Every structure is written in C-alpha cells, then in structure tokens.
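structure of the sequence below:
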Amino acid sequence: MWAEAQRIAQIVLPATPADRPAPLTRGRVPFCDLPPADQAWTPGIMSPAAGRAAAQWLEHAVRLAVAGVVDAVVFAPLNKQAMIRAGFSVRDEYDLCASLARVTDHDEMNVIPHPAGQRPAGADLLWVARATSHVALRDVSSLLTTDRVLRTIRIAHRTAASAGARVPRIGVAALNPHSGDGGLFGDEEGRVIEPAIAAAAAEGLAVTGPHAPDHIFRRARAGDLDVVVAMYHDQAQIATKLLGFERGVSVGVGYPFVLTTPSHGTAFDIVGKRIADPGPMRQALLIAERLAEARTVV
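Now for the predicted structure:
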C-alpha cells in the first residue's frame, strides 16, 4: 500500500521497519509493516476487506498508545460502513478506539486554526463541541438534557484550556430558530439549555448563551469566542466546514491519549487523481503534537 501510494503521488519516500514512531533517518520513514490478511479491494470502492484492514491498523496504533509507547494517534478518515460490514460491532471509529482503550465516557470535538494573517487578537484556534452527534435529527430534542449540555460545556472548557486558551470563552448555541423566540418555536432553550449555562457559569466558566444558531459562528469567526457548543451534528459541521474545510480537525475527547483526524470524509470520488489536499492531515498532526505537548507539561 505504501509503494502504491508513492507511485500515485509520484514521490519517493522509502520506509524503514520500526515498532514505534521515530524521527526520519536518511530520508526514510519509520514504518510499522502490518500486511492485511485480505487485500482483495479496489481503491475508491467501499469494501469489507478494506474496512477490516483500516480497523486493524487503527487498533495497532491504539494499542501502542494504551501501552504508553506513543503519545498520540492520528488517523485518516475511515469508512464506517466498511468497518461495520467487516464485522466490527461499533458505531464509528471513535467507538472502536474507546473499546480498545476501555473508555466509556468519550466524545468528539472539532478545531479550526484561524488562518495566518486573519487571527483575532488572543485566539488562534476555534473549538466546536456538540451536545448530540451521530443521531437522527428527530431524536435531538429528546436527547438534550441539562446534564448533557453541561457535560459538553465542561468538556469543551477542559479541551480548549489544554490547548492553550487561558480562560476559554464559550458560546452555547440555541436549538431553535431565534433562540426559540420566547417559547414560540420550542421551549428547549429555557427548559434545558439556560439551566446548563447557569450551572457552568456558577462553576466559574466563561460561558454565554443561548445564542441564535444563525449568528453564533459569525461571533466565533470575529474572535469573540474560543469555543462554540452546538446542539446537534450539522448545526456544528456545516459552519465549521464552511469556515475551514481545508484546516478542520476532529479531536477525540476522554481518551488516555491524544486522538485526532482530519474533519473531511474519505472522498472515494478523487482516489488516485492526485488532487487531494494534504492540508487537513498536516493540521491533524500539528494539533496532535500541540495537545500531546500540553499533556506532557501538565
């Protein structure tokens, strides 16, 4: 697979067998060679064989992290259906990592580095958390509770603080248009979200809201917020991918090691065309290094 990738990319980057990450030596990449048992797949087409190989490679990296051999795991986007059809009984790759690390309380956040030359004063990263994630939209309201929103605010605060934000400024999005317009469009703001914000503020967190969903990311882009807490998946993802698709990184939260991946998908439609942008993977590596260094300092 490594040789095929070099052929497609038209580069020469030879590998040296290794059992752990190490600096490049003589231009050679330290390479953990784990040949998949079944290589009967076609690039760019979802298949159980490819899903099995990707999951096995991720499993090996997580085991290294659990054993303390590595500080961080960075993985490329994986196809969830391929893993599930390969026989892995998990919802997604984060669940797979959690099961291997024996973690039960885990989550996912997104982070976007502000582009150079456009960084607001005192902020270089924008963090985005979600109170609910991979669930049907019709289920979001019933899943939202004050405890769940408060937990998300706390996680967002800890994560942003670990990345260098001295006092993370957190904005919480409303669920409904116009923040519910005084109950006209729903009561989740007053019944669920506001009590969570009040509880977080009582703990000393710098949190405000609920902000109108169609405005909160404008404030974040202007540098008024370090963190946005969204109520559901697409409320967060549409905005973050518009703000920084080429820089967005997803971060696993609640693991005993740093876990990052680019926020984009698998992009089967451009496989082998030499037009994929390596920027998001580079950012995933840089964010992982930054978070791992912060953990070492702590």
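
where does Val297 land on pLDDT?
Note for Val297: predicted pLDDT of 52.

part of a helix, is Ala3?
Yes - according to DSSP: H, G, I helix; E, B strand; the rest coil, the state of Ala3 is that of a helix.

which residues touch it?
Counting by CB atoms under 8 Å, 6 or more residues apart in numbering, Ala3 makes contact with nothing. From N, CA and C alone the C-beta is placed, and that goes for glycine too.

which residue, other than its chain neighbours, is closest to Phe268?
Of all residues not flanking Phe268 in the chain, Gly44 sits nearest, at 4.7 Å (CB to CB, 6 or more residues apart in numbering).

surely that neighbour meets Lys273?
No - the pair Gly44 and Lys273 fails to qualify as a contact (CB atoms under 8 Å) at a distance of 9.4 Å.

so between these two, which is more surrounded?
Using other CB atoms under 10 Å, the more surrounded residue of Gly44 and Lys273 is Gly44, with 14 against 10.

the more buried one should be in a strand, yeah?
No - assessed with three-state DSSP, Gly44 is coil; it does not lie in a strand.

center of the chain - which residue?
Residue closest to the mean C-alpha point of the chain, counted by CA atoms, centre = their mean, is Ser250 at 1.6 Å.

my read is that that residue contacts Cys97, right?
No - taking contacts as CB under 8 Å, Ser250 lies outside contact range of Cys97: 12.0 Å.

count of neighbours near the residue nearest to Gln10 when sequence neighbours are not counted?
Nearest residue to Gln10, sequence neighbours excluded (CB to CB, 6+ apart): Arg274, at 7.3 Å. Arg274 has 8 neighbouring residues, counting by other CB under 10 Å.

where's Arg274, which helix or strand?
Assessed by DSSP states H and E, Arg274 sits outside every helix and strand.

that one against Ile8, yeah?
Yes - Arg274 lies in contact with Ile8 (CB under 8 Å); the separation is 6.5 Å.

may I have the strand or helix carrying Ala98 exported as PDB, CA atoms only?
Taking DSSP H and E as the definition, Ala98 sits inside helix 93-101. Extracted C-alpha coordinates of helix 93-101, given in PDB (Å, rounded to 0.1, in the frame of the first residue of the first chain):
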ATOM      1  CA  GLU A  93     -14.000   4.700  14.700                       C
ATOM      2  CA  TYR A  94     -14.300   6.600  17.900                       C
ATOM      3  CA  ASP A  95     -16.200   3.700  19.500                       C
ATOM      4  CA  LEU A  96     -13.600   1.300  18.200                       C
ATOM      5  CA  CYS A  97     -10.800   3.300  19.900                       C
ATOM      6  CA  ALA A  98     -12.900   3.600  23.100                       C
ATOM      7  CA  SER A  99     -13.500  -0.100  23.300                       C
ATOM      8  CA  LEU A 100      -9.800  -0.800  22.900                       C
ATOM      9  CA  ALA A 101      -8.800   1.800  25.500                       C
END
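
list of residues touching the next helix or strand after it?
Following helix 93-101 in sequence order, the next helix or strand is strand 107-113 (DSSP H and E). With contact meaning CB under 8 Å, 6+ apart, strand 107-113 is reached by 94, 124-130, 133, 152, 155-156, 159, 163, 236-237, 240, 243-244, 247-254, 263, 283, 286-287.

just the buried ones among these, please.
Neighbour-count burial (16 or more other CB atoms under 10 Å) applied to those gives 94, 125-130, 133, 152, 155-156, 159, 163, 236-237, 240, 243-244, 247-254, 263, 283, 287.

quick one: which of those sit in strands?
125-130, 249-253 (DSSP state E).

how about the residues you listed, which pair is most distant?
Leu126 and Gly252 (17.9 Å; CB to CB).

do you know how far the residue nearest to Arg219 when sequence neighbours are not counted is from Val167?
Take Arg219 and drop its neighbours on the chain: the residue closest to it by CB to CB, 6+ apart is Leu225, 5.6 Å away. Distance from Leu225 to Val167, counting by CB to CB, to the nearest Å: 12 Å.

have a look at the two and say which one is more surrounded.
Between Leu225 and Val167, Leu225 has the larger neighbour count (other CB under 10 Å), namely 27 against 13.
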